[in-house]
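Peer 1: Have a look at this fold, sequence not included:
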């Protein structure tokens, strides 16, 4: 290909990229009028009771007695906004009769900020879907959550309704960079449509970190470069008081971005699709990961990880080969596997087409049994992860 043809090809590719971006923005404007920003539906009393850990009859009694927030009633059904759920938590916490019950699960004195990285070496394992649903679930159950999209492809950012190339968003790279233009983490955090959940978006500039680190190590900032693995850990210290949990969606590669996230993590969630090729890929990932973290630890870095778990995603229980793969994994390291799995569901995939999670869509948009089956598996997985986090804090 000569120079003229190459320029023509580059121009055509760029034009197609712009065309796709504009089409996606038009779709977003139509879906989230009037300002292309995501809203959030209201939640029925059964959902609220599950998130709160109380009975529906208790919520009905509070409403009858005029206690807690005044909620909307349609055809005899009560609907709560996410903000009203937080108000209700505050009311229950202030009026509880036993200290054993916790309605507002914020960190207490002596409980450290928990950083959880969701990782896999292979794309398509449900990593971003897991990070999105987990962060939203934790926020809806009363935690203060910061989600960090560390993947330059920005899938999590897109799922949260942000289009990086059009919204002029900055990414964590602005906090990780080694020059004088570095910004504190607090300046790049954005609110989401769910109260209690904020996000640090991603963009393609994040990829520059993979080139910056070796240059910093070999250049004038050698010492700072050699301590690259502390940059996320140091960044979150600036917002430590504002959050209980940080959820990091890592890129599907074991580069400097992923290593920096893992060295800041107190928990690691490894997503795995139960098929032979995926498990083979995961074995290579684990061997590389173990070697790298050992090398970094030998260099004086602190390993902060308190727990790690394998999460089976897109699982079809009736698929015999998949069930065999799950059994194979359980026979080797049952103590490191989550007991619950994320089931493969058209409800989850159909919601993602609209850039929504299953917590954001209306149940009425799906076959009821399909939705219920999917949401039950997500709640079981996310609840199990929440329990691990609480145990790390020393709670029963």
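Peer 2: In hand now; what should we look at? What you see is a predicted model, and the numbers here were worked out from it, not measured in a lab.
Peer 1: Give me the next element, helix or strand, following the helix or strand that residue 198 is a member of.
Peer 2: Element membership of residue 198 [criterion: DSSP states H and E] is strand 197-200. Sequence order places helix 209-218 as the next helix or strand after strand 197-200, per DSSP H and E.
Peer 1: And the strands in the stretch 51-200 of the chain?
Peer 2: Per DSSP state E, counting those that start in this stretch, the stretch 51-200 of the chain has strands spanning 72-74, 77-80, 114-119, 145-149, 190-191, 197-200. These are given in chain order.
Peer 1: per-domain residue ranges of the protein.
Peer 2: 43-94, 114-392 (automatic domain parsing).
Peer 1: Could you export those as TSV, including mean neighbour count and mean pLDDT?
Peer 2: The C-beta positions use only the backbone N, C-alpha and C, and glycine is treated the same way. Shown next, in TSV, are the domains of the chain (neighbours: other Cβ atoms under 10 Å; pLDDT from 0 to 100):
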stretch	mean neighbour count	mean pLDDT
domain 43-94	15	91
domain 114-392	18	90
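Peer 1: Could you export those as CSV, including distance to residue 103?
Peer 2: Below are the domains of the chain laid out as CSV (distance: least, Cβ to Cβ, whole Å):
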stretch, distance to residue 103
domain 43-94, 4
domain 114-392, 7
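Peer 1: Now do the strand holding residue 198: everything it contacts.
Peer 2: 135-136, 138-139, 145-149, 156-157, 160, 162, 171-172, 185, 188-192, 243 (Cβ atoms under 8 Å, 6 or more residues apart in numbering).
Peer 1: need the strands of the stretch 51-200 of the chain in a markdown table with distance to residue 340, can you?
Peer 2: Below are the strands of the stretch 51-200 of the chain laid out as a markdown table (distance: least, Cβ to Cβ, whole Å):
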| stretch | distance to residue 340 |
| --- | --- |
| strand 72-74 | 33 |
| strand 77-80 | 26 |
| strand 114-119 | 16 |
| strand 145-149 | 20 |
| strand 190-191 | 30 |
| strand 197-200 | 22 |
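Peer 1: Quick check: which of these is nearest to residue 324?
Peer 2: Closest to residue 324 of those is strand 114-119 (Cβ to Cβ; 24.4 Å).
Peer 1: Next, the angle strand 145-149 makes with the closest one.
Peer 2: Here strand 114-119 points in a direction 30 degrees away from that of strand 145-149 (axes from the mean of the first three to the mean of the last three Cα atoms, to 10 degrees).
Peer 1: quick one: strands adjacent to strand 114-119?
Peer 2: According to DSSP bridges, strand 114-119 forms sheet pairs with strand 245-249 (parallel), strand 267-272 (parallel).
Peer 1: Can I get these in CSV including distance to residue 353?
Peer 2: Listed next are those as CSV, based on distance: least, Cβ to Cβ, whole Å:
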stretch, distance to residue 353
strand 245-249, 19
strand 267-272, 20
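Peer 1: now the strands: where do they sit in the stretch 251-396 of the chain?
Peer 2: Using DSSP E, counting those that start in this stretch, strands in the stretch 251-396 of the chain cover 267-272, 307-312.
Peer 1: So which of those strands is nearest residue 220?
Peer 2: Using Cβ to Cβ, those put strand 267-272 closest to residue 220, at 33.5 Å.
Peer 1: Isn't residue 240 up against residue 113?
Peer 2: Yes: with contact defined as Cβ atoms under 8 Å, residue 240 reaches residue 113; the gap is 5.2 Å.
Peer 1: May I have the distance across stretch 105-123, first residue to last?
Peer 2: 33 Å (Cα to Cα, to the nearest Å).
Peer 1: Can you tell me how far the residue nearest the centre of the chain is from residue 311?
Peer 2: The centroid of the chain falls nearest to residue 131 when counting by Cα atoms, centre = their mean (2.6 Å). Residue 131 sits 11 Å away from residue 311, taking Cβ to Cβ, to the nearest Å as the criterion.
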